[in-house]
Every structure is written in structure tokens, then in C-alpha cells.
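> Would you be able to build a 3D model of this:
(chains A and B)
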There are 2 protein chains.
Amino acid sequence: MQVPEAQALATSYVHVGGEEQIRLQDSDGRVLASDMVAPHPFPAFARSGMDGYAVRSSDLAACDQGEMVWLKVVDQIPCGYVSSIPIKQGLASRIMTGAQVPEGADAVVMLEATELRVKEGVTYVGLKRSIDTGKNITPRGFELQEGDLLLRKGTCIGPGEISVLATFGIHQVKVYRQPVVGIFSTGTELLDITEPLEPGKIRNSNTYMLASQIREAGGVPVIMEAIPDDIELARQKVEEALGEYDIVVTTGGVSVGDYDIMGELVTSGGLDMLFNKVTMRPGSVTTAAVKDGKLLFALSGNPGACYVGFLLFVRPSIRKMLGMEQLYLTEWTAELGADYSKVNNFTRFVRGRLAVINGRLVATPAALDESSVMITIKDSDCLIVVPPELRGAVKGQSVQVLVLPGAFG
Amino acid sequence: MQVPEAQALATSYVHVGGEEQIRLQDSDGRVLASDMVAPHPFPAFARSGMDGYAVRSSDLAACDQGEMVWLKVVDQIPCGYVSSIPIKQGLASRIMTGAQVPEGADAVVMLEATELRVKEGVTYVGLKRSIDTGKNITPRGFELQEGDLLLRKGTCIGPGEISVLATFGIHQVKVYRQPVVGIFSTGTELLDITEPLEPGKIRNSNTYMLASQIREAGGVPVIMEAIPDDIELARQKVEEALGEYDIVVTTGGVSVGDYDIMGELVTSGGLDMLFNKVTMRPGSVTTAAVKDGKLLFALSGNPGACYVGFLLFVRPSIRKMLGMEQLYLTEWTAELGADYSKVNNFTRFVRGRLAVINGRLVATPAALDESSVMITIKDSDCLIVVPPELRGAVKGQSVQVLVLPGAFG
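Model (predicted):
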């Protein structure tokens, strides 16, 4: 099965999670579960864009004949204050940036273009130039009218969205629930990260990497005890986990050796297999199965394959449950920064780094990108997609790249 | 003052925060406070890269003359198991991917290239082809030698780093403390987001936006009550906050009107002014001051200016305290996607969107980018830098862009 097919198949079984109401200040990275509509226009009032004087532009027409016009100052309007004195002919009010423009005024003259005179206890402002109607005033509803769509259902919340919601007093938001993802590793060779090293064994590092990837994707990871290579025990544990969590991910035990647990578990258990081989490297042996609408992903135990398998298959499912619209990694066309010769009948997802050189994107493969190699995962900000038909990719040619989460943040 | 100057000046007062020990699984986004060195080689043992048979390559030399070679199978080696039977001449052991290669063996023949024969209760594996020494074996220390630098002090921790640390059993990490940032807004016009709208007033949305930006930057926001426009009260509140928090940010009250609080507070209070005007739009009136080594940033009350001011000045300071090496936003050269005519004597940071078209980065300005406009913050993934000397920027020309946090995640 090809990667896009496998991705579409797995995500087709996923539905958005339930909804919950949370505080706006807890909503970063969450996804709106309903359309948000403006409850009032914004700005809600005609707003001064300058410190200066609110005037009637018709009063300043005489300035065009070189006359200086003097207007009686009738009020001082700071922000948050509503003046009760309408601006009639011959009047003006001092006004601050952001304050509500008084009734009758249709322009604001900036402070620097005015002078003051006090005569018999009355203050007058002198103006030398005429002004266009509406000048330095942001009209009511300039950004949004009442009933305008503020934010669509499916929008991921960040600083800009929080600004919009807070502006309209929306301090509680309905968002989709975060999926809870159970993580198993399999294999008797695995030591917990707190255990000392033993000959022939390795530490269970993939579960911690997966937990970090799940958090980035917006899910809540639950790390479970590694399953020893016992088919019955593994089946029982996985079924329990599928009952309890939204998604279950395993790592290890999917190779074709005598001790392959996951493949057997799926084929012999009460799960429907979606796919168990994908024409990709790393991670050609990636399994997805479904039971009672819950997805099980059995990823390779090789760190590189586990990392890529998560990004291609598990992350989109988490994002779909979370209500995200963009399920997959951002895909760009870039220029290959160095030759890449390891090609075969599989599409390769090669760890690499992106650079922008004179406005052109250049993607350079990592020196070590074997499936089993762990050390270059951390140094990558993209996956370079090398299609099977590309026999010996050469420097300078166009390639597709998948941008890794948080690459430029 | 120019932006880069102002940035360098402000961050020069910031030092990394204290150190703390945390669990590896709580370390996403945190920064290592010490170099991490490999406590053992990795892999820690010669590892089979295949399911197959561990052999002595010299035993298979005869295959080159067309002979089939039969070796006596003396052990089965799953992952996590150390074989006690050395591979002497004429012997082989069945081995699984990831298992430790037994003593004496120097290559692994893949399972698919072998056949089996059992004679008088003894199993023999038949091999048709010779094999190079080292084939299908990942040598001990292939990725890292003992004492190699794993991760440098200052590295931000993500899935790849967690994989490395877990691999070496490093389950507790020493990281820099997250700076705690106090946020004030100023202005009597401000309503809390839970209050109903009142004529002439606006809701205090910037503090919630700033809190979200602070969290993204890696800091811990503390939202304080908005300060009314009272210079004495404001001074007292700000001084208290500077005593308690690592950084203090205010929004509003920095314009040149009668009710400007922050400028007066800094100049009259016991703070050292670093800058109070920056040749930029939006946010030309951005103030930074220092007291007892703590930074105060007074940002504009205009949402657009507040957003940009945070990214340019406050975020780098948070990142420096957090121990990050890259303080500033990622800067790329891109092609301008549309004409942009609003130029003056200030460098403009224009909200925009990036696209990659045939491998070229194209940045298109938002339709509304006034300082006071809130609604386009959420739709931007970059800031387009329009220098003052650029009189009317035209579509297709080169511009610098700053990539917004989380833009492609």
C-alpha cells in the first residue's frame, strides 16, 4: 500500500473527539468546536486614531482660503469615557487615541497640527488646514460587523485567535477533547530508562520519544509497561488499552523475525487489519488495525522508522480527533542540496535540513538516515520525499519536503 | 533607535535563569543547562541489522567457487539475549534484528538467502553466496562513542533529544528555569473579558494575547489586574511586580497623549530607560527599562503593535533566560507577493503569509495591517520587513521575512 492511501484509510476511521468547555487562557493549541460569530461590531464605536481634537470637517473648510479657524474646546475625552457634549458648529473636543469620537464630530486633527489660546477662561483650538471627513477616525465596525464569522469551527487557537476571542468577551470556549493515546513498547530486550544497561539489551527510548511526539500533536500520552514477547499477554494488554484509550500505539515487534508479536496479534485477534506493509522507507512494516472504531498503530522498533511512522500515520489521526483541519505535515517543493543515492522500490522519507538561500528552499539530507539510526532525528527539520522512480537523486533537482513540527519556531 | 540595536540592548541585560532538575518526560521545550556526554558507546554492542544467521565470513569464501556451504546452527539469539556460544569455524547462530552478534561472527546472512536441513537431530543452514566482513552488522559505537558529546548545553528538548537521552538512561535532566513574566495592561477604558461591553470601553484582550505569546516563548505568564491611569499606583504596582517576577510587560499607556503613564513612570521612577522610541512600525513607542537587573517592557496598547513588540523584544529576552541559543525569529529572504505602498521613515513589520511556489518563498502582506487592527494577527505566519528606504515595495522584489512561531507546525 502507498503512503497517501494508507494515511487516508487510517484517518477515515477517526472522528473528532467529544466537546468540552474550557477557559480561554487554557486554550492554546486547542481547536474550536463551533463557529464563533461577532456579538457586536468591532470597533464597537467610532474610535479616534490620534491624540488631537475631534472636529466637524465642514468647520475647517475656511482654512482652504488661508484662514485660521478657531474652535471652542468643550470637552476632554480620554479612553473609556463617553462625552456627553455633541460637537456642534464651532466646537471641538480634545480626544485621546482609542477614545470614542463624540457625536457630531467627523474627523480628528492631530495634536501636533494645532495651537491653543485661552480667552476669558475659555479654551480655543486653532487649526490651519482643512481635513477630509472621516480622517483619523476608525469607523464602528471597521474590522467586523455584528454577526460576522470571527473564527471557524476547526480553527486552532493561538495568540491571534485569543486576541479576537478576548476582544469579544468570549472567555470560555468550546473545543474538542484531546485524544488520550496509550503507548506500548514490545520486546524483552527493553530496559526501562531508569535501569542500568545490561549486555545485549537496549533502553526503551521510543516510548518517551512517542510521548513527546504525541504531546506536540496535541494528544495526551499514557506510557504503559513494555509488553514482553508473549502473544497472549500482548493481545490482552492491547485490547484493554483499546478499551480505555482513544488510540493505541506500539513500537517494536513488527519485524519478520520469529519473535514478531504485533503482526500475529492483529491477524489472530479480533482486530480488522487496515494495512501491515507500506511502500516506504523507513518503516515499511507499519501496521494499522481497528477494533470497535479505535485505532491501533504498530510502529517499527527502529527509532528512525518509529519517528517517521508516527508523523505519517498517528499524528494525522490525533489531529483529526482534535478537530484540526490540516491533518498532514506541511509539504513544500525544495531543491535538493546534495546527491542522494539510496533509492529502491520504496518511497523514502529522508531526514534533512532546510535552508533558504536567496529565496529558494534547499533541503539537504542527513549524513546518517538509516532506519535504525537515532542520533540524526534531533538534527532534522524536514523529511525529504524521495520517490522510488528517482534513480539517484542529484543535487539541485526538485523534491517534495515535509516540514517537521516546530521546525522554525 | 533601530530595531536590532534595541533588541541587542535589551537582551544584554538578561541572563539565563537558575537551573532545575526535571523528569525527562516533562522536558519538552525546555533547554539543557549542561552538556550531555555519552556514558557508553551506542550501539553498546555489535547489533544485527537483519533476521538471519550470524556467521564467519571466511566460512563462506567457498561459495565463490559455486559451492553451497552448510554450517551447524548452534544457538537462537533473540533481542535482549546474549549467546554464550562463540561462532567457531563451521558454526552459525540464528539471530534476530537488533540482537547482539555472538562472539566470533563477523557478518549476518539474511534469512531469505538461506535454507535449512536437519540431519541426525542437528540443524544446518545452507548458504550459496559469500559475504563481506561486517555485512548486516551495526558495529558497537557506530552512532556514538563513549564520551562523545550527545547534546550541547543550550539545546532545546524535543522528540529527537528525548530519544537520545532515553537511549542513555538519562531520565532526569538539568534545565534552565522558565522565566515568570508579569503582565499588566493600563487604562481605565479596559473591561475584563468577563465583563459586559460598555459604551466607549474595550475589553482587555492584549493581556490574554500576551499570555499566550509568553507560553509559546517558553515563559510562565502571570496576568495581573489592569492598572488604572494613575501614575503613583502604576509605579507602585510595576515596582512590586519587578520584585516578584523575572520580566514585566505592560500594554497600553505609551502613546503621547495626556494620559500616557508608562513613559512618565519610567522617566520619573527608579528605572533606567534603555529605549523609548524605536524606528519601527507598528510600535514605534515601545519602551524598555531596567531596575535591579529586571526588565520592564512597555508595549503599545494597539493589538498589532503589542503583538509585534512582544515578538521583537520580549520573546528574545524570555528565550535568553530559558537558555535558548536562537533568540530571534527565523529570518528568510522571500519574494514579495504583492505591491506594498505604505512606506515612511520607519522599518515596517508587516503581517503576511508565506507560500512556497516552485521552491521559491513568496510572502504576501495582509490586507489590513494597521497597528490598531486585531483581526489579521491570527491569519499571519510571517512578518515582512519593509525597510524605510524602500519607496513603494513592488511585487516580485526580495524582502526579508521573520517566520512567526508555530507557523508551519
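> If the spatially closest residue to A:Val314 that is not a sequence neighbour is in a bridge, with which residues?
Closest residue to A:Val314 apart from its sequence neighbours, by Cβ to Cβ, 6 or more residues apart in numbering or on different chains: A:Phe297 at 5.1 Å. To be clear about C-beta, it is placed using only N, CA and C from the backbone, and glycine gets the same treatment. With beta bridges defined as DSSP bridges, A:Phe297 has these partners: A:Val249, A:Ala288.
> isn't A:Phe297 right up against A:Gly309?
Yes - the criterion here is Cβ atoms under 8 Å, and A:Phe297 meets it with A:Gly309 at 7.3 Å.
> So for the two, which sits in the more crowded spot?
Per other Cβ atoms under 10 Å in any protein chain shown, whichever of A:Phe297 and A:Gly309 has more neighbours is A:Gly309, with 30 against 23.
> Local confidence estimate at the more buried one?
We have a pLDDT of 96 for A:Gly309.
> What count of nearby residues applies to A:Val73?
Neighbour tally, A:Val73, other Cβ under 10 Å: 19.
> is it true that it touches A:Ala54?
No - using Cβ under 8 Å, A:Val73 is not in contact with A:Ala54; the gap is 10.0 Å.
> and for these two, which residues touch both?
Each of A:Ala92, A:Ser93, A:Arg94 lies in contact with both A:Val73 and A:Ala54 under the rule Cβ atoms under 8 Å, 6 or more residues apart in numbering or on different chains.
> Nearest spatial neighbour of the last one, chain-adjacent residues omitted?
Closest residue to A:Arg94 in three dimensions, ignoring its sequence neighbours and counting by Cβ to Cβ, 6+ apart: A:Gln76, at 4.6 Å.
> does the one you found count as helix, strand or coil?
Counting by DSSP: H, G, I helix; E, B strand; the rest coil, the backbone at A:Gln76 sits in strand.
> Find me the pLDDT at it, would you?
The model reports A:Gln76 with a pLDDT of 95.
> Please enumerate the helices of the stretch 1-150 of chain A.
Along the stretch 1-150 of chain A, the segments classed as helices by DSSP state H, counting those that start in this stretch run A:3-12.
> Can you report phi and psi for the closest residue to A:Arg152 other than its chain neighbours?
Spatial nearest neighbour of A:Arg152, excluding adjacent residues (Cβ to Cβ, 6+ apart): A:Asp35 at 5.7 Å. Note on A:Asp35: backbone dihedrals following degrees, to the nearest 10 are phi -60, psi 140.
> Report the central residue of chain A.
Ranked by distance to the mean C-alpha position of chain A (Cα atoms, centre = their mean), the top residue is A:Cys156 at 5.7 Å.
> How much space separates it from A:Ala62?
According to Cβ to Cβ, to the nearest Å, A:Cys156 stands 55 Å off from A:Ala62.
> try A:Val314
The gap separating A:Val314 from A:Ala62 is 73 Å, by Cβ to Cβ.
> again, but for A:Ala334
63 Å.
> Then A:Glu5?
A:Glu5 sits 76 Å away from A:Ala62 when distances are taken as Cβ to Cβ.
> low-scoring stretches of the stretch 51-200 of chain A, by residue?
A:188 (pLDDT under 70).
> could I get the longest strand seen in chain A in CSV with only the CA atoms?
Ranked by number of residues, the top strand in chain A under DSSP state E is strand A:347-357. Presented in CSV, the C-alpha positions along strand A:347-357 are these (Å, rounded to 0.1, in the frame of the first residue of the first chain):
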residue,chain,number,x,y,z
THR,A,347,9.3,6.0,-1.3
ARG,A,348,11.9,7.2,1.1
PHE,A,349,11.3,9.8,3.8
VAL,A,350,14.8,11.1,4.4
ARG,A,351,15.7,13.2,7.4
GLY,A,352,17.1,16.5,6.3
ARG,A,353,17.6,20.2,7.0
LEU,A,354,16.0,23.1,5.2
ALA,A,355,17.7,26.4,4.4
VAL,A,356,16.5,29.4,2.5
ILE,A,357,19.2,30.6,0.1
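> Show me where the stretch 201-350 of chain A has its strands.
A:202-203, A:220-223, A:247-251, A:272-275, A:280-281, A:287-291, A:294-299, A:331-336, A:347-357 (DSSP state E, counting those that start in this stretch).
> Out of those, which is the most enclosed?
For the strands of the stretch 201-350 of chain A, average neighbour numbers computed from mean count of other Cβ atoms under 10 Å in any protein chain shown are highest in strand A:247-251, which has a mean of 28.
> For that one, which helices and strands make contact with it?
With contacts taken as 3 or more Cβ pairs under 8 Å, 6 or more residues apart in numbering or on different chains; DSSP states H and E, strand A:247-251 sits against strand A:180-185, helix A:206-217, helix A:231-244, strand A:294-299, helix A:315-322.
> now do 10 Å
Applying 3 or more Cβ pairs under 10 Å, 6 or more residues apart in numbering or on different chains; DSSP states H and E, one finds that strand A:247-251 contacts strand A:180-185, helix A:206-217, helix A:231-244, helix A:262-268, strand A:287-291, strand A:294-299, helix A:303-309, helix A:315-322.
> Okay, now the sheet partners of the first one, with direction.
Spelled out, it's strand A:180-185. strand A:220-223 (parallel), strand A:247-251 (parallel).
> what's the offset of that strand from the middle of its chain?
Put simply, strand A:180-185 sits 23 Å off its chain's centre (Cα atoms, centre = their mean, to the nearest Å).
> Beyond that strand, next helix or strand please.
Proceeding N to C from strand A:180-185, the next assigned helix or strand is strand A:190-191, under DSSP states H and E.
> residues contacting the residue in the stretch 301-409 of chain A that chain B sits nearest to?
Ranked by Cβ to the nearest Cβ, the top residue of the stretch 301-409 of chain A for proximity to chain B is A:Lys378, at 2.8 Å. By Cβ atoms under 10 Å, 6 or more residues apart in numbering or on different chains, the contact list for A:Lys378 reads A:209, A:307, A:351, B:150-151, B:155-165.
> so which strand or helix has it?
Using DSSP H and E, A:Lys378 falls outside every helix and strand.
> I figured A:Phe349 was touching A:Ala305, is that so?
Yes - A:Phe349 lies in contact with A:Ala305 (Cβ atoms under 10 Å); the separation is 9.5 Å.
> and for these two, which residues touch both?
Taking Cβ under 10 Å, 6+ apart as the criterion, A:Phe349 and A:Ala305 both touch A:Met280, A:Arg281, A:Pro282, A:Gly283.
> Name the residues linked to the first one by a beta bridge.
Each beta-bridge partner of A:Met280 is listed here, defined by DSSP bridges: A:Thr347.
> Walk me through the domains of chain A.
Following automatic domain parsing, chain A resolves into domains at A:3-16+A:177-322, A:21-39+A:152-176, A:47-138, A:331-403.
> any idea how far B:Ser48 is from A:Ala305?
16 Å.
> do the same with A:Pro196
Taken as Cβ to Cβ, the span from A:Pro196 to B:Ser48 is 23 Å.
> For those two, work out which one has more neighbours and name it.
Neighbours per residue, other Cβ under 10 Å: of A:Pro196 and B:Ser48, the larger number sits with B:Ser48, 28 against 8.
> Settle this for me: the more buried one is touching B:Cys79, isn't it.
Yes - B:Ser48 lies in contact with B:Cys79 (Cβ under 10 Å); the separation is 8.9 Å.
> which one is A:Gly98 nearest to, not counting chain neighbours?
Excluding the flanking residues, the one nearest A:Gly98 by Cβ to Cβ, 6+ apart is A:Cys79, at 4.5 Å.
> do A:Ser58 as well
Nearest to A:Ser58 is A:Gln89, by Cβ to Cβ, 6+ apart, at 7.7 Å.
> Touching, the one you found and A:Asp59? I think so.
Yes - the pair A:Gln89 and A:Asp59 passes the contact test of Cβ under 10 Å, sitting 6.3 Å apart.
> Looking at these two, which one has more neighbours?
Taking other Cβ under 10 Å, A:Gln89 and A:Asp59 do not tie; A:Asp59 has more neighbours (23 against 9).
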